[in-house]
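J.: Sequence isn't available, so here's the structure alone:
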């Protein structure tokens, strides 16, 4: 089986997981390890586990479902804030309408006209 050697941080970014998760997987699955020319530890990731390189030099990151989940949370928060603002607007519109209602003058109030 062919392996691609990379640092734990690089492997984590490429696999979309944390470096500690890469360490645990490497230990559990007995992936080969070595020291790179820069002195950093490298792990051999089986080529079948690596996702294909992204075109255009886009950075690797968490799988899209993580991004979709975060976006859904932000959307829910924004919708709740919009509902609060809408309620405030409606309440203020009612107060303004009541304040602008014509009222009888002081003479009419005194003499009941």
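T.: Thanks, I have it. For clarity, every value in this text was computed on a predicted model and none was experimentally measured. Numbers count the residues shown, from 1 in each chain.
J.: what pLDDT, on average, does the longest helix along the chain get?
T.: Ranked by number of residues, the top helix in the chain under DSSP state H is helix 64-99. Averaged over helix 64-99, pLDDT sits at 82.
J.: next helix or strand past it?
T.: helix 106-111 (DSSP states H and E).
J.: I'd like the average pLDDT over that next one.
T.: Helix 106-111 comes out at a mean pLDDT of 82.
J.: Pull out the buried positions in it.
T.: By neighbour count with 16 or more other Cβ atoms under 10 Å, helix 106-111 contains no buried residues. Every residue, glycine included, has its C-beta placed from N, CA and C.
J.: Domain parsing of the protein, as residue ranges.
T.: 1-49, 62-113 (automatic domain parsing).
J.: Quickly compare the ones you listed and say which is most buried.
T.: domain 1-49 (a mean of 14; mean count of other Cβ atoms under 10 Å).
J.: Centre of the chain to it, how far?
T.: 26 Å (Cα atoms, centre = their mean, to the nearest Å).
J.: same check, this time on stretch 91-110
T.: How far stretch 91-110 lies from its chain's middle: 48 Å, per Cα atoms, centre = their mean.
J.: Can you give me the end-to-end span of that stretch?
T.: Terminal residues of stretch 91-110 are spaced 32 Å apart (Cα to Cα, to the nearest Å).
J.: what does stretch 99-111 give?
T.: First-to-last distance for stretch 99-111 - Cα to Cα - comes to 23 Å.
J.: so who does residue 3 touch?
T.: 31, 32, 44, 45, 46, 47 (Cβ atoms under 8 Å, 6 or more residues apart in numbering).
J.: what's the closest of the residues you listed to residue 104?
T.: residue 45 (84.1 Å; Cβ to Cβ).
J.: Name the helix or strand for that closest one, please.
T.: strand 41-46.
J.: From the centroid of the chain, which residue is nearest?
T.: Nearest to the mean C-alpha position of the chain, by Cα atoms, centre = their mean, lies residue 70 at 3.0 Å.
J.: Pull up the gap between that residue and residue 40, please.
T.: 30 Å (Cβ to Cβ, to the nearest Å).
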